[in-house]
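K.L.:
predicted model follows, preceded by the sequence.
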Amino acid sequence: MFSVFQGATYYGVSLQVQVALAVIALAIAAIVIWMIYKAARANLSKIKTGKEALVGSVGVAVTDLKPEGEIRVVGEFWQATVKEGCIKSGEKVEVVGMDGMFLVVRPVKEKFNSLK
């Protein structure tokens, strides 16, 4: 890169133009490095769609689940089934798996803060 600027001096380009070219070259290099970093990070990140995104998510029961019903999780409505007992409409549920196109859920155990 510096040999290019030495050639520019030979052809009579002023020092200000050389500095401007150096700054532009460094800015372009920084942008390219940032783009490569973002691409590599996106390539190595975990999948955030499908079953992998739903398992572990918390949602709300839209209908009573005895044992099947409908829930809303991650902004979508899903058919769900509960393995044990029943869940009433409006209660929070946690997705623990999938069975075909049905989500398998369990009730969320509320944690109370006893520091009052």
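P.N.:
Okay, I see it.
K.L.:
can you count the residues close to Trp78?
P.N.:
Around Trp78 there are 19 other residues, counting by other C-beta atoms under 10 Å. Every residue, glycine included, has its C-beta placed from N, CA and C.
K.L.:
likewise Gly90?
P.N.:
That count, for Gly90 with other C-beta under 10 Å as the rule, works out to 10.
K.L.:
one more: Gln79?
P.N.:
Gln79 has 14 neighbouring residues, counting by other C-beta under 10 Å.
K.L.:
avg pLDDT for the helix ranked longest in the chain?
P.N.:
With secondary structure taken from DSSP state H, the chain has its longest helix at helix 15-44. Across helix 15-44, pLDDT averages out at 92.
K.L.:
show residues contacting whichever helix or strand comes after that helix.
P.N.:
Next in sequence after helix 15-44, counting helices and strands by DSSP states H and E, comes helix 51-54. With C-beta atoms under 8 Å, 6 or more residues apart in numbering as the test, helix 51-54 has contacts from 46-47, 73-74, 78, 95, 98, 103.
K.L.:
how far does the helix or strand that comes right after helix 51-54 sit from its chain's centre?
P.N.:
Remark: after helix 51-54, the chain's next helix or strand is strand 58-61, criterion DSSP H and E. Relative to its chain's centre, strand 58-61 lies at 20 Å (C-alpha atoms, centre = their mean, to the nearest Å).
K.L.:
tell me the helices and strands packed up against strand 58-61.
P.N.:
Judged by 3 or more C-beta pairs under 8 Å, 6 or more residues apart in numbering; DSSP states H and E, strand 58-61 is in contact with strand 68-73, strand 92-99.
K.L.:
adjacent strands (with direction) for it?
P.N.:
Partners of strand 58-61 in the sheet, by DSSP bridges, are strand 68-73 (antiparallel), strand 92-99 (antiparallel).
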